[in-house]
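Q: here you go, sequence then predicted model.
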Amino acid sequence: AQSVTQLDSHVSVSEGTPVLLRCNYSSSYSPSLFWYVQHPNKGLQLLLKYTSAATLVKGINGFEAEFKKSETSFHLTKPSAHMSDAAEYFCVVTLGSSGGYQKVTFGTGTKLQVIP
Amino acid sequence: DTGVSQNPRHKITKRGQNVTFRCDPISEHNRLYWYRQTLGQGPEFLTYFQNEAQLEKSRLLSDRFSAERPKGSFSTLEIQRTEQGDSAMYLCASSLAGSYYGYTFGSGTRLTVV
């Protein structure tokens, strides 16, 4: 069984300040973890992924996330928020497999508001 | 290839009518997925195809829903006798089989049943 919990439904930051979006996961096996971003009325865009290589993962637009197995966390961070970062962010866990459906579980999302 | 394309972007229909959505995946991706996203929720899995074979369906996919991928390229999702509870964003994604690199999503089709 697997699950993912996004601890905050809304996060508000001032432009130029750091961003922290929290995600905890539960998985019986070694998971693959992803962060996606969704701007209003748009599809989801992959920000970054962890697939058992380096634990600190760098993504697009200056975002990064650190996989911490001991804490079962995969928090998303960015040193300095930009107005264009305002969107909804989804943490996703998958059970990778060489065949068959990779069961994918989405978190409920965190809406990021950036205040000018 | 410009990514995953979904049509239409928006659809408003009266309750009881049938609707059909189309998804064109990235051409070299052999897996195609359908998800449904309601307001304030993350996407929920509906079904997926590997090439033309529909390999898994969620319990969310009632018998009013049917999906096809006849030639292993584009896919259609049809909802018969629509209900107000079907109002949602329907997202399509594609990937390579066995890929751990995430999915590429389309922009979705927003369905409103009135």
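A: Thanks, I have it.

Q: when you work out contacts or count neighbours from here on, use the C-alpha atoms and nothing else.
A: Will do.

Q: and the gap between the residue in chain B that chain A sits nearest to and residue B:92?
A: Across chain B, the shortest distance to chain A (CA to the nearest CA) belongs to residue B:107, at 3.7 Å. Distance, residue B:107 to residue B:92, by CA to CA, to the nearest Å: 8 Å.

Q: overlap in contacts of those two?
A: Common contact partners of residue B:107 and residue B:92 (CA atoms under 8 Å, 6 or more residues apart in numbering or on different chains): B:4, B:6.

Q: those two: who's more crowded?
A: Ranked by neighbour count (other CA atoms under 10 Å in any protein chain shown), residue B:107 and residue B:92 place residue B:92 first, with 34 against 24.

Q: show the contacting residues for the closest residue to the more buried one other than its chain neighbours.
A: Computed as CA to CA, 6 or more residues apart in numbering or on different chains, the closest residue to residue B:92 that is not its neighbour in sequence is residue B:34, at 4.6 Å. Residue B:34 sits next to B:45-48, B:90-93 when contact means CA under 8 Å, 6+ apart.

Q: state which one residue of chain A is found closest to chain B.
A: Closest point on chain A to chain B, by CA to the nearest CA, is residue A:43, at 3.7 Å.

Q: what helix or strand does the residue nearest to residue B:7 when sequence neighbours are not counted sit in?
A: Nearest-residue entry for residue B:7: residue B:22, 5.3 Å, with adjacent residues in sequence omitted and distances by CA to CA, 6+ apart. Secondary structure from DSSP states H and E places residue B:22 in strand B:19-24.

Q: show me the helices in chain B, by range?
A: Counting by DSSP state H, no segments of chain B form helices.
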